[in-house]
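> below is the structure, and that's it, no one-letter string:
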């Protein structure tokens with residue numbers, strides 16, 4: 001499957017976001033947009049939850065069995081989802097979300113093996129642990145204070 005044409009510009013942005021420790025802010029924005037879009041997202045809502053859970057587990061240092069390139073692709077995909085000015089601007093009724101859905105579907109297909117490994121890891125965890133690892137606090141600042149675990 002070919003890389004979406006407008007996606008590549010988000011990869012360097014994703015690298016900078018990760019380097020600056022801004023992943024929590026991105027995750028809050030994704031959760032907010034996902035909640036506001038409601039039923040329009042369909043199955044994409046589950047995919048977004050999985051990607052968000054992966055990013056939270058990565059941020060907290062609980063799950064690092066993913067390549068740097070793959071986590072960049074995930075973060076870039078989430079950034080694309082948030083961007084109002086992508087291939088089809090989000091303010092265009094009905095069609096505005098089509099490119100977002102296509103890019104996230106591409107991310108899910110491209111990283112299928114790594115996402116399946118993450119799902120398997122999640123299935124091996126105690127529910128109590130997952131509740132802590134994947135819980136998004138009330139504010140991005142609280143997540144920053146919790147900070148990532150050092151490798």
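Looks like it arrived, so ask away. Note that the coordinates shown come from a computational prediction; the quantities given were computed from them, not determined experimentally.

> count the residues that sit near the spatially closest residue to residue 67 that is not a sequence neighbour.
Once flanking residues are discounted, residue 67 sits nearest to residue 114: 7.2 Å by Cβ to Cβ, 6 or more residues apart in numbering. The C-beta positions use only the backbone N, C-alpha and C, and glycine is treated the same way. As a burial measure, residue 114 scores 18 neighbours (other Cβ atoms under 10 Å).

> for residue 114, give me its contacts.
Residue 114 makes contacts with 66-67, 70, as judged by Cβ atoms under 8 Å, 6 or more residues apart in numbering.

> name the helix or strand for it, please.
Assigned by DSSP states H and E, residue 114 belongs to helix 112-124.

> and that helix, how far out from the chain's middle?
15 Å (Cα atoms, centre = their mean, to the nearest Å).

> same deal with stretch 71-83?
That offset, for stretch 71-83, works out to 6 Å (Cα atoms, centre = their mean).

> the closest residue to residue 45 other than its chain neighbours: neighbouring residues, count only.
Distance criterion Cβ to Cβ, 6+ apart; nearest residue to residue 45, sequence neighbours excluded, is residue 34 at 6.1 Å. Neighbourhood size, residue 34 [other Cβ under 10 Å]: 17.

> correct me, but residue 34 touches residue 41?
Yes - Residue 34 is within contact range of residue 41, at 6.5 Å (criterion: Cβ atoms under 8 Å).

> I'd like to know which of the contacts of residue 114 are buried.
66, 70 (16 or more other Cβ atoms under 10 Å).

> please enumerate the helices of the chain.
10-19, 23-37, 44-59, 68-82, 98-110, 112-124, 127-133, 140-146 (DSSP state H).

> and the fifth one, what's buried?
Same thing as helix 98-110. Here helix 98-110 shows 99-101, 103-108, 110 as buried, counting by 16+ other Cβ under 10 Å.

> kindly report the same for the third one.
Burial within helix 44-59, assessed by neighbour count using 16+ other Cβ under 10 Å, is assigned to 44, 47-48, 50-59.
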